[in-house]
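Chemist: Can you look at this prediction? I've put the sequence above it.
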Amino acid sequence: MGKFDALREFDVAALGQNATGQALQLPVSQIAYDPDNIRSAQSLDPAQLEELATTIQSQGLVQPISVRHHPEKTDCYVVNAGERRLRAVRSLGHPTIAAFIQDDFDPYLQAVENLQREELHPLDIARFVAAREAAGDSRATIAKRLGKSKSFISEVAHLSSAPEAILQAFKDKRIDTRTAYLLARRYREDPDTVTACLAGDTPLTRTAVTRALAVVPEPDREAVSEKKTLTRAPRTPMPHWNALAVAVGERTATMNLRPAKRPNQATVTFADGSQEIVALSKIALKNWMLL
């Protein structure tokens with residue numbers, strides 16, 4: 001089941017409801033393809049176009065196309081919806097095609113029509129998202145109108161600016177949309193890792209790519225470790241001052257830096273090893289010392 005099956009409820013025939021009267025027979029030579037069509041010409045499948053042409057040849061054109069007046073050429077038109085049908089009719093050599101003229105063109109209707117008839121290539125959706133963002137639409141609006149999740153729109157949007165290596169891997173079907181998104185996001189900060197990940201021509205699973213992006217190469221780790229070793233300054237032990245050399249009258253002593261029983265007293269140790277509790281007013285500081 002395709003990603004856009006929910007869009008099958010959309011009434012494609014409604015694209016021509018506001019057209020003027022019956023479908024017209026317009027010269028195919030006066031109808032131009034829409035350069036901003038969500039589906040690029042490169043993504044059209046020649047085999048499917050041939051099948052469509054065979055069907056039209058045997059059964060006729062069941063659904064007329066929708067066109068709008070060309071903005072620059074008089075008596076010419078631009079396709080709104082139905083480019084594949086127009087191409088098929090041209091391949092058959094038919095001079096005209098049934099069409100509705102609908103000048104109140106909505107690019108979202110064109111996108112939905114393409115999504116409904118045949119699942120679009122994600123690169124085509126990416127270009128459409130970029131164009132709608134440039135026109136001022138938010139991704140929330142784009143997601144709602146296309147019937148897709150915001151996360152999907154965000155992922156395919158990254159493909160429009162992805163480097164060629166990622167796009168080529170995607171075109172070669174070596175990676176899926178989610179994997180391409182992960183690689184494109186990582187490429188901005190770590191192109192070397194992404195390039196290494198894409199080396200070769202074998203398909204890459206999402207799990208394998210996720211693991212590869214999570215691993216820091218060993219040479220990098222060694223370089224970081226070596227850099228830290230070279231730049232680490234030797235540590236010099238800091239002295240721990242824990243006593244004072246003092247004098248009590250004519251006697252020298254040391255005063256430990258710990259509280260006595262009263263805040264105005266201190267315990268001092270004299271040279272002969274004896275200890276006394278002395279009032280701070282009677283103690284004269286001589287210098288700091290280590291014990």
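Modeler: Alright, I've got the coordinates.
Chemist: Can you report how many residues neighbour the closest residue to residue 56 other than its chain neighbours?
Modeler: Excluding the flanking residues, the one nearest residue 56 by Cβ to Cβ, 6 or more residues apart in numbering is residue 88, at 5.5 Å. Quick note: C-beta positions are derived from backbone N, CA and C, even for glycine. For residue 88, the tally of surrounding residues (other Cβ atoms under 10 Å) stands at 23.
Chemist: Contacts only, for residue 88.
Modeler: With Cβ atoms under 8 Å, 6 or more residues apart in numbering as the criterion, the residues that contact residue 88 are 49, 52-53, 56.
Chemist: Out of those, which comes closest to residue 126?
Modeler: When the contacts of residue 88 are ranked by distance to residue 126 (Cβ to Cβ), residue 49 comes first, at 22.8 Å.
Chemist: Show me what the helix or strand containing the closest one is packed against.
Modeler: In this structure, residue 49 is located in helix 46-59 according to DSSP states H and E. Taking 3 or more Cβ pairs under 8 Å, 6 or more residues apart in numbering; DSSP states H and E as contact, the helices and strands that helix 46-59 lies on are helix 83-92.
Chemist: Name the residues of the helix it packs on that come out as buried.
Modeler: Neighbour counts using 16 or more other Cβ atoms under 10 Å place 83-89 of helix 83-92 among the buried residues.
Chemist: by how many degrees do that helix and helix 46-59 diverge?
Modeler: 70 degrees (axes from the mean of the first three to the mean of the last three Cα atoms, to 10 degrees).
Chemist: gap between helix 83-92 and the chain center?
Modeler: Here helix 83-92 is found 37 Å from its chain centre; the criterion is Cα atoms, centre = their mean, to the nearest Å.
Chemist: With stretch 198-207 instead?
Modeler: Averaging C-alpha coordinates over stretch 198-207 and over its chain gives two centres that are 19 Å apart (Cα atoms, centre = their mean).
Chemist: Can you give me the end-to-end span of it?
Modeler: Between the opening and closing residues of stretch 198-207 we find a distance of 14 Å, counting by Cα to Cα, to the nearest Å.
Chemist: Any buried residues in that stretch, and which?
Modeler: Buried residues in stretch 198-207, counted by 16+ other Cβ under 10 Å: 198, 204.
Chemist: still on that earlier bit, on the pLDDT front, check the residue nearest to residue 56 for me.
Modeler: Note for residue 88: predicted pLDDT of 92.
Chemist: One more: the one 5 residues further on?
Modeler: Per-residue pLDDT puts residue 93 at 93.
Chemist: Run through the residues that contact the closest residue to residue 177 other than its chain neighbours.
Modeler: Distances taken as Cβ to Cβ, 6+ apart put residue 122 closest to residue 177, at 4.8 Å, once the chain neighbours are dropped. Contacts for residue 122 (Cβ under 8 Å, 6+ apart) come out as 156, 159, 170, 177, 180.
Chemist: Could you tell me how many residues sit around the fourth one?
Modeler: Using other Cβ under 10 Å as the criterion, residue 177 is surrounded by 20 other residues.
Chemist: that older thread, state the distance from the residue nearest to residue 56 to residue 48.
Modeler: Taking Cβ to Cβ, to the nearest Å as the measure, residue 88 and residue 48 are separated by 9 Å.
Chemist: returning to what we had before: can you say which of the contacts of residue 88 are buried?
Modeler: Buried by 16+ other Cβ under 10 Å: 52-53, 56, out of the contacts of residue 88.
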